[in-house]
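Asker: Quick one: sequence and predicted model below, then my questions.
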Amino acid sequence: MWRRTTLLSSLMPSSKASLLHQMQAAYGLKIWGAFSTEVLKPAKGRIPPREKPPFITFVLGGPGSGKGTQCAKIVETFGFTHLSAGDLLRKEISSNSENGAMILNMIKEGKIVPSDMTVKLIQRAIESSENDKFLIDGFPRSEENRQTYERIVGEEPNVVLFFDCPEEEMVKRVLSRNQGRVDDNIDTMRKRLEVFTSLNLPVINYYSEKGKLYKIRAVGTEDEIFEQVHPIFAAFEVLK
Ligand SMILES: Nc1ncnc2c1ncn2[C@@H]1O[C@H](COP(=O)(O)OP(=O)(O)OP(=O)(O)O)[C@@H](O)[C@H]1O
Ligand SMILES: Nc1ccn([C@H]2C[C@H](O)[C@@H](COP(=O)(O)O)O2)c(=O)n1
Ligand SMILES: [Mg+2]
């Protein structure tokens, strides 16, 4: 799609060449002559509009079920872009955004941040990427998250993965994660498990009823779990 790169400006008087540069910078267009224009790879930071909606996978599971770990493997094998809702929120905290303090409090309490905020961060991240396939990890965490995404983005996910892991295993993993997360302690973990059961399980059931859910038994080694994940994405690659 992005074909020719030679600059016409080198063949022009300098005033015209400068005007041409300005137009190229403004519109991401490269002008080939009197009769044709062609859209070229945009300048850094400018992303062309998508011709079709990206392929979206929601990745769900309790705290410590291994969502992030398995997402890294999917990225490596299938070239997805990984967007962790939790990571996007943590970035908001560390960038000292106006909502940072509120988000930090919610995360410490194991509560769910207002959906508009999370959806906008996800939407912005998708729009600023040139990839056409995304893993949205840890989202939607509640019916309100799900409905807000559908309202703002106007699309349903293509696939939903659910990493199903026993509570005692999740607690063990979180308490030995050692990444300095403010919510990796037993008190917050208890609250996160309660929130998972009361708010996230209904979303998981919703997607199960819609026939979009792939349930993974998230016990065993990371590689054993990925053996269940691999065929799901391999099948979608074949269908493309
Ligand atoms: N199959 C596994 N066996 C043992 N430990 C694992 C396994 N998968 C992941 N872990 C470890 O468990 C911890 C939690 O994993 P991970 O961060 O992927 O979970 P998560 O679902 O993303 O959790 P959270 O919702 O809290 O972000 C990490 O320290 C990770 O290295
Ligand atoms: N959709 C989301 C995702 C995450 N959060 C907040 C609350 C979670 O406990 C915390 C950490 O998320 P994780 O990294 O475990 O996926 O981030 C939220 O409010 N809404
Ligand atoms: Mg995670």
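Answerer: Alright, I've got the coordinates. Ligands and ions are numbered 1, 2, ... in the order given.
Asker: OK, now which residue of the protein is nearest to ligand 2?
Answerer: As assessed by C-beta to the nearest ligand atom, ligand 2 sits closest to Gly86 within the chain, at 2.1 Å. Where you see a C-beta, it was placed from the backbone N, CA and C, and this is true even at glycine.
Asker: wait, isn't Val75 in contact with His82?
Answerer: Yes: Val75 is within contact range of His82, at 5.1 Å (criterion: C-beta atoms under 8 Å).
Asker: shared neighbours of the two, anything?
Answerer: Both Val75 and His82 are contacted by Leu135, under the criterion C-beta atoms under 8 Å, 6 or more residues apart in numbering.
Asker: Neighbour count: these two, which is higher?
Answerer: When neighbours are counted by other C-beta atoms under 10 Å, Val75 and His82 differ, and His82 comes out ahead with 17 against 14.
Asker: and the more buried one, helix, strand or coil?
Answerer: strand (DSSP: H, G, I helix; E, B strand; the rest coil).
Asker: repeat for Phe163
Answerer: Classified using three-state DSSP, Phe163 is strand.
Asker: Do you know the pLDDT at it?
Answerer: On pLDDT, Phe163 comes in at 99.
Asker: Then the one 4 residues further on?
Answerer: We note a pLDDT of 98 for Glu167 in this prediction.
Asker: wouldn't it be in contact with Gly61 here?
Answerer: No: using C-beta under 8 Å, Glu167 makes no contact with Gly61, being 11.8 Å away.
Asker: who has more neighbours, these two?
Answerer: Remark: of Glu167 and Gly61, Gly61 carries more neighbours, 24 against 16, as counted by other C-beta under 10 Å.
Asker: if I look at the spatially most central residue of the chain, how far off is Asn96?
Answerer: Taking C-alpha atoms, centre = their mean as the criterion, Leu83 is the residue nearest the geometric centre of the chain, at 2.8 Å. To Asn96, Leu83 is 21 Å away according to C-beta to C-beta, to the nearest Å.
Asker: Assign Leu135 to helix, strand or coil.
Answerer: Leu135 - assigned by three-state DSSP - is strand.
Asker: again with Tyr214
Answerer: Going by three-state DSSP: Tyr214 is strand.
Asker: Give the bridge partners for it, please.
Answerer: Leu161 (DSSP bridges).
Asker: Next, count neighbours for it.
Answerer: Neighbours around Tyr214, by other C-beta under 10 Å: 17.
Asker: got it, and Thr77?
Answerer: 14.
Asker: And for the one 4 residues further on?
Answerer: Thr81 sits with 17 neighbouring residues when counted by other C-beta under 10 Å.
Asker: Only the buried residues of the top helix by length along the chain, if you could.
Answerer: Scanning the chain for the longest helix, with DSSP state H as the assignment, gives helix 222-239. Buried residues in helix 222-239, counting neighbours by 16 or more other C-beta atoms under 10 Å, are found at Ile225, Phe226, Gln228, Val229, Phe233.
Asker: so what does it touch, helix or strand wise?
Answerer: helix 67-78, strand 159-164, strand 213-217 (3 or more C-beta pairs under 8 Å, 6 or more residues apart in numbering; DSSP states H and E).
Asker: tell me which parts of the protein are close to ligand 2?
Answerer: For the chain, the residues in contact with ligand 2 (C-beta under 6 Å from any ligand atom) are 63, 84-86, 89, 106-107, 110, 112-113, 118, 138-139, 141, 145, 183, 192.
Asker: what bits of the chain have low per-residue confidence?
Answerer: For the chain, the stretches flagged by pLDDT under 70 are 1-45.
Asker: Cool, thanks, talk later.
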